[in-house]
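In: here's my sequence, what's the structure:
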Amino acid sequence: MTDQGVTFINVIEISAERADEFVEQWRERAALMRTAPGFRDVRLHRSLLPDARFQLINIAHWDSVEACEAAGANPTVVASVSEAATFASASPGFYEVVAEYC
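Out: Residues are numbered from 1 along each chain as shown. Got it, this is the predicted structure:
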């Protein structure tokens, strides 16, 4: 574990018409994830343009990749993600800060 932890970024391809449905499911998953060891924070961003390729972008911070993966293995989370996959395409990944300008 590092002080910076890791950043989980998941870009979601979904029609603008179904984004609200995804957001509701995301809120339920986020409520479970936030109780997991190693969780720091999470935010879901929505595109301001209805024709954007990625309508939603999930950004979460965790102590480690392992902590996030363990939380994601929760059977309720797995089932919810599987359901969301029927109408949305996700591209998740883990990242670390390599440059910063404030």
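In: find the centremost residue of the chain, please.
Out: The chain has residue 58 as the residue nearest its centroid, 3.7 Å off, counting by CA atoms, centre = their mean.
In: in the sheet, who's paired with that residue?
Out: Following DSSP bridges, residue 58 is listed with bridge partners residue 10, residue 44.
In: could you measure from it over to residue 41?
Out: 12 Å (CB to CB, to the nearest Å). All C-beta atoms are positioned from the backbone trio N, CA, C, and that covers glycine.
In: with residue 28 instead?
Out: From residue 28 to residue 41 the distance is 17 Å (CB to CB).
In: which residues does residue 6 contact?
Out: Contact analysis of residue 6 by CB atoms under 8 Å, 6 or more residues apart in numbering lists 61-65, 68, 94-96.
In: oh, I was asking about residue 59
Out: Applying CB under 8 Å, 6+ apart, we find residue 59 in contact with 7-9, 42-45.
In: using CSV, write out every CA atom in the longest helix belonging to the chain.
Out: When the chain is parsed with DSSP state H, its longest helix is helix 19-33. Coordinates of each C-alpha in helix 19-33 appear next as CSV, following Å, rounded to 0.1, in the frame of the first residue of the first chain:
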residue,chain,number,x,y,z
ALA,A,19,-27.7,6.5,-18.2
ASP,A,20,-30.2,7.2,-15.4
GLU,A,21,-30.9,3.5,-15.0
PHE,A,22,-27.2,2.8,-14.8
VAL,A,23,-26.7,5.6,-12.2
GLU,A,24,-29.3,4.0,-9.9
GLN,A,25,-27.6,0.6,-10.1
TRP,A,26,-24.2,2.3,-9.6
ARG,A,27,-25.5,4.0,-6.4
GLU,A,28,-26.4,0.6,-5.0
ARG,A,29,-23.0,-0.9,-5.9
ALA,A,30,-21.2,2.2,-4.5
ALA,A,31,-23.0,1.8,-1.2
LEU,A,32,-21.6,-1.7,-0.9
MET,A,33,-18.1,-0.8,-2.1
